[in-house]
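Visitor: Fold the stuff below for me.
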Amino acid sequence: VPMLSLGNAFSEEDLKNFEKKIINFLSLKVKNIFEYSAEPKIDGISASLIYLDGKFIKGLSRGDGTEGEDITQNLKTINDIPSEITAKNFPKKIDIRGEVFIENEDFKKINEKFANPRNAASGSLRQKDPKITAKIPLKFIAYTHGYVEEMNIHSQTEFLKYLKIWGFKINPFNKKILGVKNLIENHKNLEAMRKEIAFDIDGVV
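Guide: Alright, predicted model coming up:
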């Protein structure tokens, strides 16, 4: 399953047009109030974690969206990534997707080598020696999935809840939000507290 790019919305009008496309696509006659799952977009490096029978067997970078680099051994050095999941409802095969990043306070300790936290995360994941990667304080937050077998979950909010049960960390600022007006308000609130957030963000998903 490709790792696609995100579309952008820069205004309330853009969000309204996004809703109109959903209404038209689903052929809805009555204007529904849509329920959104919104979280800050961490400015890090996307990664795809493939689990088979509960075991982490392969990790890939995003690459060009269709094909990425095998960075399994480097990802295995990150404590936030479970090597094995024994929960009964964990899918037989699943591609967990999320962001590898470095928190700002951790970056201050190593910034003589890198221009910014994102570059530090990227450079660390591309190291040929996992022992070097292990010395970098990388974090991982999960947010979605690609390919999946045998999963009975029907909403993003429910999926995030199960990610926590399965042992993954999720974005602490994730919220379930009703309607465009509340999405705008949430965006303003996050912008106001942006400097207080432990990691760099570049928008809201």
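Visitor: Where does Gly203 fall, secondary structure wise?
Guide: Assigning secondary structure by DSSP states H and E places Gly203 in strand 201-204.
Visitor: Contacts for that strand next, please.
Guide: Contacts to strand 201-204, defined as Cβ atoms under 8 Å, 6 or more residues apart in numbering, come from residues Asn8, Ala38, Glu39, Pro40, Lys41, Ile42, Asp43, Leu183, Asn186, His187, Leu190, Arg194. Backbone N, C-alpha and C define where each C-beta goes, glycine included.
Visitor: Please name the strands paired to it in the sheet, noting orientation.
Guide: Looking at strand 201-204 with DSSP bridges, its partner strands are strand 40-42 (antiparallel).
Visitor: Partner strands of the next helix-or-strand element following the strand it pairs with and their direction?
Guide: Beyond strand 40-42 on the C-terminal side, the first helix or strand identified by DSSP H and E is strand 45-52. Paired with strand 45-52 in the same sheet, following DSSP bridges, are strand 55-61 (antiparallel), strand 93-101 (antiparallel).
Visitor: Contacts for the last one next, please.
Guide: Read it as strand 93-101. By Cβ under 8 Å, 6+ apart, the residues outside strand 93-101 that reach it are 1, 3, 42-53, 75, 78, 117-118, 121, 125, 138-151, 163, 168, 199-200.
Visitor: For it, buried residues please.
Guide: Ile94, Asp95, Ile96, Arg97, Gly98, Glu99, Val100, Phe101 (16 or more other Cβ atoms under 10 Å).
Visitor: Can I get it in PDB? Just the C-alpha atoms.
Guide: Taking Å, rounded to 0.1, in the frame of the first residue of the first chain, the C-alpha atoms of strand 93-101 are listed here in PDB:
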ATOM      1  CA  LYS A  93      -0.600  -9.000   9.400                       C
ATOM      2  CA  ILE A  94      -0.400  -5.200   9.600                       C
ATOM      3  CA  ASP A  95       1.700  -2.300   8.300                       C
ATOM      4  CA  ILE A  96       1.700   0.200  11.200                       C
ATOM      5  CA  ARG A  97       2.700   3.700  10.100                       C
ATOM      6  CA  GLY A  98       4.000   6.600  12.100                       C
ATOM      7  CA  GLU A  99       6.700   9.200  12.600                       C
ATOM      8  CA  VAL A 100      10.300   8.900  13.900                       C
ATOM      9  CA  PHE A 101      11.400  12.100  15.500                       C
END
